[in-house]
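[1] Task: produce atomic coordinates for the following.
(one chain, ligands or ions: 4)
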Amino acid sequence: AKIVPDSSVCFYEKEMDEAARERKSLRADLLRAIELGEFHLHYQVQTLVTTGEVSGYEALLRWNHRERGAISPEEFIPIAEESGSIVEIGEWVLRTACSNAASWSGGKIAVNVSGVQLARADFAEKVHAILVETGLSPSRLELEITETALIADKVRALHTLRRIRNLGVAIAIDDFGAGYSSLETLRAFPFSKIKLDRSFTRGLERDAQAKAIVRAVLALGKSLDIPVLAEGVETVSQLEILRDESCDEAQGYLIGRPGPSGGAANLNVALEPA
Ligand code: C2E
Ligand code: CA
Ligand code: CA
Ligand code: CA
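    Ligands and ions are numbered 1, 2, ... in the order given. Okay, here's the model as predicted:
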């Protein structure tokens, strides 16, 4: 007797086919999205926990597909990485973010960088060229890099990150704690900020273990002299706990949702101290 009926196998294969076709069509569309003007950036505010003062903005890529409408970066970034188009797209993001930020009165602009971009031998020069072209001061730029982005070629990544730091650009380790070798990564690479993954922020109110980990990361940041930003702050009580624990910076829907303008916009003004 058959364990799996034929019809369900067929159905499964058809679904796989469809998923593969969909990826293929998105891959092709991604190549043309820049020239079609389908990309734009949203900005999400980052603040100092003690004063509520704005410290910077994170640029988040948005894709408005001409037929399908908005597609999440969680969906299209992996496809762009796989096909290599993330190199060109990432360059567009960096240039657009730097050029916009140059027109603001101040504050940092944080830009996400894929491991595929980082692996390119000319990445540090690209960053330098874009700073010159847009006139943005290097001290206002921060690149956000996840641990997984560093795995492929650690020697080259280290070399590139050192060159970028030498330009005066800051480097944040993104989604910290979500990986598995964070401590070694922290020791080996020249980070200027730790962005604590939002899964820990989420657990702050109810999960004693999550809170213990946040405390440990904050202590680590203190002893290494690297400021810590908590991602995904959604409630007042999370922000209060972070204040009690002396977390440096915060970002999340409570403080401000990502929106089309940076500078002084998108801040949830109700949170500003009187
Ligand atoms: P990420 O770098 O960890 O960015 C933070 C994500 O969390 C964003 O999702 C943001 O909208 C969301 N977020 C912010 N505050 C909150 C909150 O309080 N609660 C919850 N639940 N979520 C919050 P988004 O914009 O959909 O981006 C998803 C991911 O896509 C990013 O995660 C990043 O890994 C990637 N991504 C976005 N833009 C770029 C880009 O320009 N280049 C690259 N390489 N990756 C990007
Ligand atoms: Ca990020
Ligand atoms: Ca993150
Ligand atoms: Ca993430």
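[2] what separates Ala20 from ligand 2, distance-wise?
    According to CB to the ion, to the nearest Å, Ala20 stands 29 Å off from ligand 2. No exception for glycine: its C-beta is placed from N, CA and C like everyone else's.
[3] Quick check: which element contains that residue?
    Using DSSP states H and E, Ala20 maps to helix 6-33.
[4] tell me which strands and helices the helix or strand just after that helix is in contact with?
    If you walk from helix 6-33 toward the C-terminus, the next helix or strand you reach (DSSP H and E) is strand 39-48. Under the contact criterion of 3 or more CB pairs under 8 Å, 6 or more residues apart in numbering; DSSP states H and E, strand 39-48 touches strand 54-65, helix 86-102, strand 249-250.
[5] who's in contact with the closest residue in space to His40 that isn't next to it in sequence?
    In this structure, His40 finds its nearest non-sequential neighbour in Arg62, 5.3 Å apart by CB to CB, 6 or more residues apart in numbering. Residues near Arg62 by CB atoms under 8 Å, 6 or more residues apart in numbering: Phe39, His40, Leu41, His42, Ala70, Pro73.
[6] ditto for Asn100
    Residues near Asn100 by CB under 8 Å, 6+ apart: Leu41, Tyr43, Ile109, Gly262.
[7] isn't the second one right up against Val54?
    What that stands for is Tyr43. No. Using CB atoms under 8 Å as the test, Tyr43 is too far from Val54 to be in contact (10.9 Å).
[8] any idea of the pLDDT on the residue minimising distance to the centre of the chain?
    Closest residue to the average C-alpha location of the chain: Asn112 at 4.3 Å, with CA atoms, centre = their mean. Looking at Asn112, its pLDDT is 98.
[9] So it sits against Ala149, correct?
    No. With contact defined as CB under 8 Å, Asn112 does not count as touching Ala149 (9.5 Å).
[10] What are the boundaries of the strands in this structure?
    Taking DSSP state E, the strands of the chain run over residues 39-48, 54-65, 69-71, 108-112, 141-146, 170-176, 193-196, 228-230, 249-250.
[11] Same list, those strands, but as JSON lines with distance to Val132 please.
    Shown next, in JSON lines, are these (distance: least, CB to CB, whole Å):
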{"stretch": "strand 39-48", "distance to Val132": "20"}
{"stretch": "strand 54-65", "distance to Val132": "19"}
{"stretch": "strand 69-71", "distance to Val132": "33"}
{"stretch": "strand 108-112", "distance to Val132": "16"}
{"stretch": "strand 141-146", "distance to Val132": "12"}
{"stretch": "strand 170-176", "distance to Val132": "18"}
{"stretch": "strand 193-196", "distance to Val132": "24"}
{"stretch": "strand 228-230", "distance to Val132": "28"}
{"stretch": "strand 249-250", "distance to Val132": "28"}
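[12] Throw those strands into JSON lines and include distance to ligand 3, thanks.
    Below are the strands of the chain laid out as JSON lines (distance: least, CB to the ion, whole Å):
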{"stretch": "strand 39-48", "distance to ligand 3": "10"}
{"stretch": "strand 54-65", "distance to ligand 3": "8"}
{"stretch": "strand 69-71", "distance to ligand 3": "19"}
{"stretch": "strand 108-112", "distance to ligand 3": "8"}
{"stretch": "strand 141-146", "distance to ligand 3": "7"}
{"stretch": "strand 170-176", "distance to ligand 3": "4"}
{"stretch": "strand 193-196", "distance to ligand 3": "5"}
{"stretch": "strand 228-230", "distance to ligand 3": "9"}
{"stretch": "strand 249-250", "distance to ligand 3": "13"}
